[in-house]
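J.: From the sequence below, what's the structure:
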Amino acid sequence: MNILVTGGAGFIGSHTCVTLLNAGYNVIIADNLCNSKKDTIDKIKVITNKDVIFYQVDINQEKEVDEIFNNHIIDGVIHFAGFKAVGESVKKPLDYYYNNVLSTISIIKLCEKYGVDRFVFSSSATVYGNNAVPFKEDMELLSTTNPYGETKVISERILKDTSTANQNFSVAILRYFNPVGAHESGLIGESPNGVPNNLMPYITQVAKRNLQVLKVFGNDYSTSDGTGVRDYIHVLDLAEGHVAAFENLKKGVHIYNLGTGKGTSVLELVEAFERVNNIKIPLEIVDRRPGDIDSCYADTSKVKSELGWNAKRDISSMCRDSWRFETNNE
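T.: Just a heads-up that it's a prediction; the model follows:
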């Protein structure tokens with residue numbers, strides 16, 4: 001089967017491509033490289049010893065993406081492509097609405113045009129907003145706390161409406177939590193362009209002394225140590241969750257949380273990184289970041305029962321693999 005992976009050169013996308021290739025699928029990657037690097041494609045080939053087809057294209061450019069569908073028989077789509085920083089979305093809401101929502105519309109239109117009816121969507125736990133933890137898939141999405149989360153809610157709604165209109169359309173919406181870690185080879189991992197927006201690559205940049213100090217956004221949250229609590233999940237567990245979702249696609253829309261079901265605070269993650277890698281991370285408490293919430297972790301009972309999937313790797317593995325990737329990529 002030929003799987004089109006949009007945003008496949010990115011952090012989560014690249015690990016999912018590796019997992020798909022190892023599972024016997026053919027992979028076609030479409031990525032504009034705005035927050036990823038082209039050499040990731042070569043590294044995917046080295047890890048798997050398999051070839052991938054790569055198109056450097058913006059998913060919003062429908063005519064260009066149409067060529068991909070015209071050139072290949074596409075059996076399914078996994079749609080990652082999109083901007084993903086909560087804080088940045090508060091500062092640049094129009095960029096996020098334009099890019100994230102339009103790209104989803106564009107790729108769905110092409111799926112309809114070419115009769116592609118298997119679709120996995122990269123959503124986010126941010127859709128739950130200020131709901132009480134643990135987050136469950138059947139919760140009402142009353143209000144997100146940032147534009148990034150709202151773009152995911154809108155995209156989910158578009159997919160639901162499309163499935164209602166086209167009853168052959170099979171969709172898995174994966175609401176995942178906080179991906180960290182890297183492939184055990186150390187070849188691929190999280191390597192954002194510019195200053196990182198996510199915690200783990202910021203920690204590794206401080207550990208590497210490329211950045212002087214880790215900025216912790218707020219220590220007055222209603223948590224055990226005052227810092228934000230998140231459900232950190234190893235990126236390879238997340239990638240395996242995407243393959244499980246694709247292989248179990250059924251008609252209609254099916255929503256799953258991908259997380260560990262356990263919350264870890266910012267300070268707990270920093271302490272784990274220091275312990276596992278024997279490195280001290282200097283940190284500074286600064287003001288809260290707009291759009292952040294106190295706690296965010298998953299109820300994972302549905303994905304375990306319906307897909308037989310659960311996260312296997314622990315916080316120590318996440319910290320160890322993240323640092324291995326950072327030190328291997330000078």
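J.: sec struct for Tyr256, please.
T.: strand (DSSP: H, G, I helix; E, B strand; the rest coil).
J.: OK, contacts around the closest residue in space to it that isn't next to it in sequence?
T.: Ranked by CB to CB, 6 or more residues apart in numbering and with sequence neighbours excluded, the top spatial neighbour of Tyr256 is Val303, at 4.2 Å. For glycine as for every other residue, the C-beta is placed from the backbone atoms N, C-alpha and C. For Val303, the contacting residues are 241, 256-258, 309-310, by CB atoms under 8 Å, 6 or more residues apart in numbering.
J.: and Val303, what element?
T.: Using DSSP states H and E, Val303 sits within helix 301-307.
J.: buried stuff in that helix?
T.: The neighbour-count check on helix 301-307 (16 or more other CB atoms under 10 Å) flags 302-303, 307 as buried.
J.: could you point out which element follows it?
T.: helix 315-328.
J.: what's the average pLDDT for that following helix?
T.: Helix 315-328 carries an average pLDDT of 96.
J.: With stretch 5-17 instead?
T.: Here the average pLDDT along stretch 5-17 is 97.
J.: try stretch 220-229
T.: Looking at stretch 220-229 alone, the average pLDDT works out to 94.
J.: got the buried residues for that stretch?
T.: Buried residues in stretch 220-229, counted by 16+ other CB under 10 Å: 221, 223, 226-229.
J.: try stretch 1-17
T.: For stretch 1-17, using 16+ other CB under 10 Å, the buried residues are 3-17.
J.: Then stretch 286-295?
T.: Across stretch 286-295, burial judged by 16+ other CB under 10 Å covers 289, 291-295.
J.: end-to-end on that stretch?
T.: Stretch 286-295 has an end-to-end distance of 18 Å (CA to CA, to the nearest Å).
J.: And stretch 187-206, by the same measure?
T.: Stretch 187-206: ends 20 Å apart by CA to CA.
J.: again with stretch 250-265
T.: One end of stretch 250-265 sits 36 Å from the other (CA to CA).
J.: what mean pLDDT would you report for that stretch?
T.: Mean predicted lDDT for stretch 250-265 stands at 97.
J.: Please state the offset of it from the chain centre?
T.: Between the centre of stretch 250-265 and the centre of its chain there are 12 Å (CA atoms, centre = their mean, to the nearest Å).
J.: what about the longest helix in the protein?
T.: If you go by DSSP state H, the chain has its longest helix at helix 147-165.
J.: Looking at the buried residues of stretch 286-295, which are in strands?
T.: Using DSSP state E, the subset of these located in strands is Ser295.
J.: so which of the buried residues of stretch 286-295 would you say is closest to Asp161?
T.: Gly291 (26.3 Å; CB to CB).
J.: ok, back up a step: let's test this: mean pLDDT of the helix holding Val303, rounded?
T.: Taken as a whole, helix 301-307 has a mean pLDDT of 97.
J.: helices or strands up against the longest helix of the chain?
T.: Applying 3 or more CB pairs under 8 Å, 6 or more residues apart in numbering; DSSP states H and E, one finds that helix 147-165 contacts helix 86-91, helix 93-96, helix 102-114, strand 118-124, strand 170-176, strand 252-258.
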